[in-house]
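next come a sequence and a model predicted from it.
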Amino acid sequence: MDCKMEKSKIQMLYDACNYVFSQEELPNFQQIQCLKNILNTFEAVDVGIDEFRLDGSPGSGEVMNSNGLISGQGVSEITYIHIYECDQFSMGIFCLPARRTFPLHDHPGMTVLSKLLYGSVCIKAYDWVRGETCSPRTNGLAGTAIDGIFNAPCEPSVLFPRSGGNIHSFTALTPCAILDVLSPPYSDDLGRPSTYFLDFPIPSLPGYAWLEEREVKLPCDLVVKGAPYLGPPLDVPDDDLC
């Protein structure tokens, strides 16, 4: 009799990310596709979220229902659920109530895989139009990479340091949740801060906009609350605990 327990989806994702992003080389197409395939199997309940029930009660910044899960429909502010972070990658979930926007921001030098777990979201994303210099920018011309509405279930998306819509914003049309994998994670100390932008479309140049860094590092109208991760536990090495 085989007494081994089947791995949870989040454990499989962690194991795959730990392998792919711990290599010295950048991930190849097959490795990214493998991560996408794992992400594509996820549903909200796999990460401790009940997307349907409304019987949540606020407490310590969380909305938990009688099943002991985060009540997706009961989230009243943009909420971040931290799952895991190490030097190579991080995993977390953004839950958004309807009509809330996470403003335009970048992912410097990062590869990001995202899975819309439930709901409907409008995404607008840009990539810099680069000339001879490839140094980090805080303003300049950018081309539209994504401008559309996404409804769950849909395939995971991938953005790369210089393509795929590295600078993006998303607006929840209904309550929604997005599971993100970032590699490497944000780090002010290592030159990977999150920068927020304003975009100014250019009428004479359809598909392009001028982006300018916001004067205030963190938009004053952006409020992100934290909530605990209530999904299956992760089995990680003791020296890899965050």
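Great, that's in hand.

from Asn40, how far out is the closest residue to Asp87 other than its chain neighbours?
Take Asp87 and drop its neighbours on the chain: the residue closest to it by CB to CB, 6 or more residues apart in numbering is Pro184, 6.7 Å away. Every C-beta, even on glycine, is put in place using the N, C-alpha and C of the backbone. Going from Pro184 to Asn40 by CB to CB, to the nearest Å gives 23 Å.

more neighbours, the two?
Pro184 (19 against 12; other CB atoms under 10 Å).

distance of the more buried one from Pro193?
For Pro184, the distance to Pro193 - CB to CB - is 13 Å.

how about Glu77?
Taken as CB to CB, the span from Glu77 to Pro193 is 23 Å.

got a list of what Asp199 touches?
Asp199 makes contacts with Leu104, Lys124, Tyr126, Ala142, Ala209, Trp210, Leu211, as judged by CB atoms under 8 Å, 6 or more residues apart in numbering.

what's the ChimeraX line that selects buried ones from those?
To isolate the buried members of the contacts of Asp199 in ChimeraX, using 16 or more other CB atoms under 10 Å:
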select :104,124,126,142,209,211
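
do you know the pLDDT at the residue lying closest to Leu69 once chain neighbours are set aside?
Nearest non-adjacent residue to Leu69, counting by CB to CB, 6+ apart: Asp50, 4.2 Å away. You'll see Asp50 listed with a pLDDT of 93.

Asp50: neighbour count?
Neighbours around Asp50, by other CB under 10 Å: 23.

can you find the helix or strand of this structure with the lowest average pLDDT?
None of the helices or strands of the chain scores lower by mean pLDDT, DSSP states H and E than strand 57-59, at a mean of 43.

next, Pro233: phi, psi?
phi -70, psi 150 (degrees, to the nearest 10).

which element is the spatially most central residue of the chain on?
Note on the chain: the residue nearest the mean C-alpha position is Asp180, at 3.2 Å, using CA atoms, centre = their mean. Following DSSP states H and E, one finds Asp180 within strand 176-183.

CA atoms only for whichever helix or strand comes after that strand, dumped as PDB, please.
Downstream of strand 176-183, the first helix or strand assigned by DSSP H and E is strand 197-201. C-alpha atoms of strand 197-201 as PDB (Å, rounded to 0.1, in the frame of the first residue of the first chain):
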ATOM      1  CA  PHE A 197       3.700  55.600 -13.900                       C
ATOM      2  CA  LEU A 198       1.200  57.900 -15.500                       C
ATOM      3  CA  ASP A 199       0.400  57.200 -19.100                       C
ATOM      4  CA  PHE A 200      -0.500  59.800 -21.800                       C
ATOM      5  CA  PRO A 201      -1.800  58.200 -25.000                       C
END
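
in strand 197-201, which residues are buried?
Phe197, Asp199.

what strands flank it, and is each parallel or antiparallel?
Applying DSSP bridges, strand 197-201 is found paired with strand 208-213 (antiparallel).

can I assume Gln73 sits in a strand?
No - under DSSP: H, G, I helix; E, B strand; the rest coil, Gln73 sits outside any strand and is assigned helix.

list the contacts for Phe102?
Phe102 touches Ile78, Phe94, Leu96, Ser169, Phe170, Thr171, Leu222, counting by CB under 8 Å, 6+ apart.

lowest-confidence one in those?
The minimum pLDDT among the contacts of Phe102 falls on Leu222, with 89.

run a quick neighbour tally on the residue nearest to it when sequence neighbours are not counted.
Distances taken as CB to CB, 6+ apart place Pro103 nearest to Leu222, at 6.1 Å, with adjacent residues excluded. Other residues within reach of Pro103, judged by other CB under 10 Å, total 17.
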